[in-house]
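**Q** Have a look; sequence and predicted model below, questions after that.
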Amino acid sequence: MTDSNISPLDAHLGYWLRFVSNHVSHAFAATLAGQGVTVAEWVVLRDLYDRDGVAPSLLADRLGMTRGAISKLADRLTAKGLLTQTTDPDDRRYQTLALTAEGRALVPDLSALADRNDADFFGHLDPAERARIEDTLKGIVRRMGLRSIPID
């Protein structure tokens, strides 16, 4: 017996947003995995690409992540040779994170993969349609005060 007052799953816009988002995200994650990088690592690498160095706390605030998450990501990226962690000799509590030459050289390649993934899913949209979707989604982000960067 069905209750006609209960809406089906696919009656919700959130269902369709999540449906598309999952496929976009999983395709990108699989592509990045082939390069030995996670989506969260890509987010950190891309953010640091535009900076000479940054304190982990500032990076955490900017990306909407916890300091613990940034610390774990920084450790992984350092182990991969993509990031340096420099401690201030006068205040050992203060660190700066910066890309290594290898990390800096990798970012444009990863960016091209992100662009290709975006084109695979959204390249068929005409510019006006794409702009409407983007404006609508950005409007929701602003209205809801959403802040954390999607990394999953």
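**A** Yep, it's here. No experiment lies behind these values; they were computed from the predicted model shown. Numbers count the residues shown, from 1 in each chain.
**Q** where does Tyr86 fall, helix, sheet strand or coil?
**A** In this structure residue 86 is Thr, not Tyr. Using DSSP: H, G, I helix; E, B strand; the rest coil, the structure places Thr86 in strand.
**Q** Quick check: it touching Val54?
**A** No - contact criterion CB atoms under 8 Å: Thr86 and Val54 do not qualify, at 11.0 Å. For the C-beta atoms, the positions are set from N, CA and C on the backbone; glycine is no exception.
**Q** So for the two, which sits in the more crowded spot?
**A** Set Thr86 next to Val54 and count neighbours by other CB atoms under 10 Å: Val54 wins out with 18 against 11.
**Q** For the more buried one, name its beta-bridge partners.
**A** Beta-bridge pairing for Val54 (DSSP bridges): Leu97.
**Q** residue boundaries of the helices in the chain?
**A** 13-33, 39-49, 56-63, 67-79, 101-122, 127-144 (DSSP state H).
**Q** Could you list every helix and strand in contact with the second one?
**A** This means helix 39-49. Packing partners of helix 39-49 (3 or more CB pairs under 8 Å, 6 or more residues apart in numbering; DSSP states H and E): helix 13-33, helix 56-63, helix 67-79, strand 83-87, strand 95-99, helix 101-122.
**Q** Mind doing that once more with 6 Å?
**A** The contact analysis (3 or more CB pairs under 6 Å, 6 or more residues apart in numbering; DSSP states H and E) places helix 39-49 against helix 67-79, helix 101-122.
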